[in-house]
Structure formats: structure tokens, C-alpha cells
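# quick one, fold the following:
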Amino acid sequence: MSEAAPMIPDQRRESIVQALHRERVLSFRQLSDLVGVSQMTVRRDVAVLEEQGLVQATTGGAKLATRLVLEPSRAEKATSEIAEKTAIARAASRLVRDTMTIYLDAGTTAQAMRPFLEHIHDLTVVTNDIATVQAFLDHPSADLISVGGRVDRTNLSTIGRLTRLTLAELSLDLAFISSSSWDLGHGVTTPVEAKVEAKRAAVDAAERAVLVAGSSKYGRFAKYRALRLAELAEVITDGALPEMAAQAITAAGIRVVRA
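Here you go, the predicted model:
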């Protein structure tokens, strides 16, 4: 009996996705054995699937991209991954200079930038995050603009059309965007439609937009896309983002900082 013909790339990638649906996580070696090609070829296949938003590269292997149906509450976010958020916030704050006008998106990662901006002079901070407003009340020189809109009590932020209209009247040097779900294929997504308007408006109003989001959020996707990753100049995340994912994002023309 003759040996089976080798699979073409699309067949291999379909087999990889099907296998991950069954097993959830597989190593590159396991995938290599499954589809009968080298681990280097499997890595390239995984990179393509990651760009399509179907899988997520992990250390030594791959797993399925996962759908985010409900965002965690502000209280849950405040007690999780504190060291990672601090590292991201420190790295992001290095981009801020005196006299800048910056937007800090709703979320605990952006709020964590506050201690690192203490000595920035004549800073204007624009935010839709109620807790971030409170955190900056004692800043020695910052001009603080709280963006109005419908209040999301769960996440202590303002969202929706009124938030978008306010941001459209501003000119920002930097917009720091946060997200509970992001990857190269789907971009920055959210399960809450009204949050799209604030993120979209902030990026449109800014000279430069930067994503500040933990690596644990990478590979998740939600129903509504706020931004494509290509609309961002830079992604600042933590050091646990897999090298393969970082390389794919860099290849798309986006600077990656793993703090």
C-alpha cells in the first residue's frame, strides 16, 4: 500500500484547528507528529492561524483562541495580576513627556500608570474611568478632564455616545487603550458594544495610540471589535507573551514591548 500523500498547508492547518478543538492545548511536537511535518513548519502554520484569530501560540505549543462573553468586574480586575500591570504601567509611562495631553482608557492597567506620572509637569489627563479621576486628584500639576457619558457601574467608567462626542472635541498626544481581549487576528475586542465608541473615539483623536494589556488577555476575543491591532503604534504587555506571538505582531508593523 502506498503512503498517503502529504497534506497541503490548508489541510494541515485545518487538522491543527480540529485537534485543538479536541485537546484544547497541544505542543509543537504533538502537532508535528499529527500532521507529519517538521516542528518548524508547524510553527509557521500556527503563526498563520494566529493571524487569522483561530489559535494562540503558547510557550512550546498552541491552544485555541477563546471567546470572552462577560468581562470581569472592576473589583476582580483590581486584585489580579498586580505585578504584571505594574510592569506594563511603568513601561507605558516612559512614553509620557511634560505638557502632553494623554488619554487613559478605563481599567486597572491604565490606572496603574498614576504613580509613574507624579513628576510629569503640565500634564493633561483625559479619562473615562471614575477611579482614575480620583487617583489623579492629588497630582501636583495635572489638568484633569473627566469624560462624561453613561456610567457603567460594574467597571466604574463612562461609555456610549456621549463619551464619544466629548472625545471627538479633544486633541490627544497619546491614547493608552486597555482591553480584556486582544490578539492579532481579532484586534481589540469587547463584549460590551457601548465600549467600542470610547476606544474608537480616543484613537481617532490621538496622534499615537498604545495598547496596554496583559498577556493573559491575548488570544481572547469578544463579540464587538473596537480596533484592529494595525491601528495601534505599539503594544505594551508583560513578559509572558509568547515569543511567537510577539514576532507575528512585530511583523505586522506594530512595536511590541514585553515589560
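# residues contacting stretch 95-104, please?
When contacts are taken as CB atoms under 8 Å, 6 or more residues apart in numbering, the neighbours of stretch 95-104 outside the stretch itself are 110-111, 113, 117, 120-127, 129, 132, 167, 170-176, 202, 205-206, 210, 234. Where you see a C-beta, it was placed from the backbone N, CA and C, and this is true even at glycine.
# now find how far off-centre it is within its chain.
Computed by CA atoms, centre = their mean, to the nearest Å, the chain-centroid distance of stretch 95-104 equals 20 Å.
# could you pick out the longest helix of this structure?
Here the longest helix in the chain is taken by residue count, with DSSP state H as the criterion, and it is helix 9-23.
# thinking again about what came up before, turn the buried ones among the contacts of stretch 95-104 into a named ChimeraX selection, would you?
The command below creates a ChimeraX selection of those among these that count as buried (16 or more other CB atoms under 10 Å):
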select :110,111,113,117,120,123,124,125,126,127,129,132,167,170,172,173,174,175,176,202,205,206,210,234
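# show me the contacts of stretch 95-104 that map onto helices.
Counted as lying in helices by DSSP H, out of the contacts of stretch 95-104, are 110, 111, 132, 167, 202, 205.
# where do the helices sit along the stretch 151-259 of the chain?
161-167, 193-205, 243-251 (DSSP state H, counting those that start in this stretch).
# just name the most buried of these.
Mean neighbour counts were taken over these using mean count of other CB atoms under 10 Å, and the top value, a mean of 22, falls to helix 193-205.
# against which helices or strands is that one packed?
Helices and strands touching helix 193-205, by 3 or more CB pairs under 8 Å, 6 or more residues apart in numbering; DSSP states H and E, are strand 150-152, strand 157-159, helix 161-167, strand 172-177, strand 187-190, strand 224-227.
# tell me the mean pLDDT for that helix?
Averaging pLDDT along helix 193-205 gives 96.
# so how far is that helix off the chain centroid?
The chain centre lies 14 Å from the centre of helix 193-205; the measure is CA atoms, centre = their mean.
# ok, now stretch 11-27?
The chain centre lies 24 Å from the centre of stretch 11-27; the measure is CA atoms, centre = their mean.
# re the thing from before, okay, the helices of the stretch 151-259 of the chain in CSV with distance to residue 68 next?
Output for those, formatted as CSV (distance: least, CB to CB, whole Å):
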stretch, distance to residue 68
helix 161-167, 21
helix 193-205, 12
helix 243-251, 17
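# of those, which is nearest residue 63?
helix 243-251 (11.6 Å; CB to CB).
# flag the shaky bits of the stretch 1-150 of the chain, pLDDT-wise.
Counting by pLDDT under 70, the stretch 1-150 of the chain has low-confidence residues at 1-4.
# hey, where'd the helices end up in it?
Under the criterion DSSP H, counting those that start in this stretch, the stretch 1-150 of the chain carries helices at the ranges 9-23, 28-35, 39-51, 74-78, 82-93, 108-111, 130-135.
# most packed of these?
Taking mean count of other CB under 10 Å as the contact definition, the stretch among the helices of the stretch 1-150 of the chain with the greatest mean neighbour count is helix 108-111, which reaches a mean of 26.
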